[in-house]
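Trainee: Generate coordinates for the sequence data below:
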Amino acid sequence: MLGIATIAIGAFLLAIDPANEAEGNPSIVDFEFAWDEQGATEIREDWGSEGEDAARLSLWVDFAYLLAYGAFFTLAAIATRGLARDRGWRRLAAIGAVAVPAAAAAAVFDAIEDVWLLITLDGHGGDLAPLLAGICATAKFGLFALALGYVIAGLVARFAGRRARPA
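Mentor: Coordinates of the predicted model:
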């Protein structure tokens, strides 16, 4: 169910991204990395009121998305670590000690980022709000990449192990 929710909410977020409002508009990810008040103001001006409304909706919906993907990938990393332990894959199991909390931490950084982006979107926070949003976005993407890579490595190891066993 968490996987389905992650996909469904993710598809909705892609559909409402302000970049879809007009060709050449910055995306919500561009806004995450505005880094300062001037960059954020330029993006907001490019978006106009409709784009800002779409961005605001996207940021509020993202709270549901981060709960879904955070829980899904945390559980997937836990399952991967368990499989690695059961199969005696020591290195993969050891990496799980970092990958499991990384998935949850990515969602936490995403939530903090969304708060700073909402403040920035309302024209508040000066240079600090977009800077903190960019730092949180960087942490979020890095931690999520670690968790995703770990789950993918576990899937590859699992299916490669199946083929290697005699029938």
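Trainee: do you know how far the residue nearest to D36 when sequence neighbours are not counted is from G39?
Mentor: Excluding the flanking residues, the one nearest D36 by C-beta to C-beta, 6 or more residues apart in numbering is D127, at 4.7 Å. Any C-beta I mention is one placed from the backbone N, CA and C, and that applies to glycine too. As judged by C-beta to C-beta, to the nearest Å, D127 and G39 stand 9 Å apart.
Trainee: Compare these two (neighbour count), which wins?
Mentor: Taking D127 and G39 together and counting by other C-beta atoms under 10 Å, G39 has the greater number of neighbours (19 against 15).
Trainee: Flag the shaky bits of the chain, pLDDT-wise.
Mentor: Applying pLDDT under 70 to the chain picks out residues 162-167.
Trainee: Does anything pack onto the top helix by length along it? Which helices or strands?
Mentor: Assignment by DSSP state H gives helix 37-87 as the longest helix of the chain. Applying 3 or more C-beta pairs under 8 Å, 6 or more residues apart in numbering; DSSP states H and E, one finds that helix 37-87 contacts helix 2-16, helix 28-32, helix 90-121, helix 128-164.
Trainee: That one to helix 128-164, inter-axis angle?
Mentor: 30 degrees (axes from the mean of the first three to the mean of the last three C-alpha atoms, to 10 degrees).
Trainee: Helix 37-87 vs helix 2-16, what angle?
Mentor: 160 degrees.
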